[in-house]
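[1] below are the sequence and a predicted model for it; my questions follow.
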Amino acid sequence: MNAASGLPRSAPEPIKMVVDGASKFYNTRSGQVHAVDNVSLQVREGEFLCLLGPSGCGKSTLLWSMAGLHGLSGGQIRLGEDAITKPHPEIAMIFQEANLLPWRNLIRNIELPFEIKRQEPDRKRIEALLKRVGLAGFENKYPRELSGGMQQRASIVRSLAVNPSVLLMDEPFGALDAFTRDEMNLLIQEIWMETGKTIIFITHSITEAVFLADRIVVMSARPGRISNIVDVDLPRPRPVKLQTTTDFLERVEAIKAMIDHRPS
Ligand SMILES: Nc1ncnc2c1ncn2[C@@H]1O[C@H](COP(=O)(O)OP(=O)(O)OP(=O)(O)O)[C@@H](O)[C@H]1O
């Protein structure tokens with residue numbers, strides 16, 4: 001899908017990120033845990049890619065490694081020519097918890113990444129983003145004064161403020177109620193279509209994956225391997241009511257069967 005036009009791609013986009021034979025073992029007191037096994041994946045520029053799979057199959061391990069927050073035991077991850085072994089300025093991460101500092105107001109939370117980098121905040125960009133996500137006027141509020149959805153909007157603004165080209169999202173809406181989650185799904189789809197960022201998004205919800213993704217990477221139970229990659233060629237923008245159509249529900253059922261029928 002071409003994010004900017006919402007039309008199917010005429011030619012495949014260039015490759016943005018490459019995961020090449022990624023493996024990860026954790027050493028624990030009770031022995032080694034084999035979390036990810038020989039995963040190879042190419043993420044296209046401007047693509048919305050969802051990672052889906054049973055709990056504990058290594059989705060977060062893979063995503064955190066793509067963020068440079070975990071070292072791999074084997075294999076390589078690259079963004080363009082750069083090997084990812086530590087956080088990269090072009091890659092931002094969003095977590096299930098908004099992780100706002102409770103003692104800072106909203107604007108000071110959003111400016112934090114700039115402070116860490118000792119850069120002047122891009123105030124114009126921040127102002128436009130706050131307006132875009134409906135948080136203009138809330139700059140002086142503290143996290144406790146904001147709903148869960150508003151906090152997650154703030155964390156999206158905080159990551160986009162530094163203008164990354166890749167957004168890694170680790171089940172960002174998993175803690176929200178169903179109504180707020182629908183709103184956030186629409187918002188992230190709109191932002192993605194407007195900005196053309198490359199998004200890699202973990203979810204436990206097959207519905208959310210089919211709604212958001214250009215491609216869904218289905219992982220098998222631990223050690224995590226890729227079991228299927230599913231194209232979702234539904235036109236965009238996708239409205240929430242699409243989720244009740246027969247075509248949509250059939251796609252969800254087909255993926256459910258892939259996950260349910262994984263080899264044990
Ligand atoms: N720091 C760690 N030390 C030891 N084991 C870990 C660590 N992090 C994850 N694991 C283990 O690695 C496996 C994969 O975990 P991971 O969190 O990547 O899976 P996941 O698919 O994201 O799970 P979930 O969907 O439940 O969030 C699990 O068995 C988990 O217990």
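    Looks like it arrived, so ask away. Residues are numbered from 1 along each chain as shown.

[2] which helices and strands sit right next to the longest helix anywhere in the chain?
    When the chain is parsed with DSSP state H, its longest helix is helix 178-195. Here helix 178-195 touches helix 148-161, strand 198-203, helix 206-212, going by 3 or more C-beta pairs under 8 Å, 6 or more residues apart in numbering; DSSP states H and E. Bear in mind the C-beta positions are built from the backbone N, C-alpha and C, glycine included.

[3] let's see 7 Å
    Judged by 3 or more C-beta pairs under 7 Å, 6 or more residues apart in numbering; DSSP states H and E, helix 178-195 is in contact with helix 148-161, helix 206-212.

[4] now those as a markdown table including mean pLDDT?
    Formatted as a markdown table, the helices and strands packed on helix 178-195 follow (pLDDT from 0 to 100):
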| stretch | mean pLDDT |
| --- | --- |
| helix 148-161 | 94 |
| helix 206-212 | 97 |
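
[5] a markdown table for the ones you listed, including distance to the ligand and mean neighbour count?
    Formatted as a markdown table, the helices and strands packed on helix 178-195 follow (distance: least, C-beta to the nearest ligand atom, whole Å; neighbours: other C-beta atoms under 10 Å):
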| stretch | distance to the ligand | mean neighbour count |
| --- | --- | --- |
| helix 148-161 | 17 | 22 |
| helix 206-212 | 13 | 23 |
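
[6] now render those as a markdown table, adding distance to Leu249.
    Shown next, in a markdown table, are the helices and strands packed on helix 178-195 (distance: least, C-beta to C-beta, whole Å):
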| stretch | distance to Leu249 |
| --- | --- |
| helix 148-161 | 26 |
| helix 206-212 | 9 |
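
[7] between those helices, which one is closest to Ser30.
    Ser30 lies closest, by C-beta to C-beta, to one member of the helices and strands packed on helix 178-195: helix 206-212, at 32.0 Å.

[8] just checking: what are the partner strands of the helix or strand just after that closest one?
    Counting by DSSP states H and E, the next helix or strand C-terminal to helix 206-212 is strand 215-219. Next to strand 215-219 in the sheet, as set by DSSP bridges, lie strand 48-52 (parallel), strand 226-231 (antiparallel).
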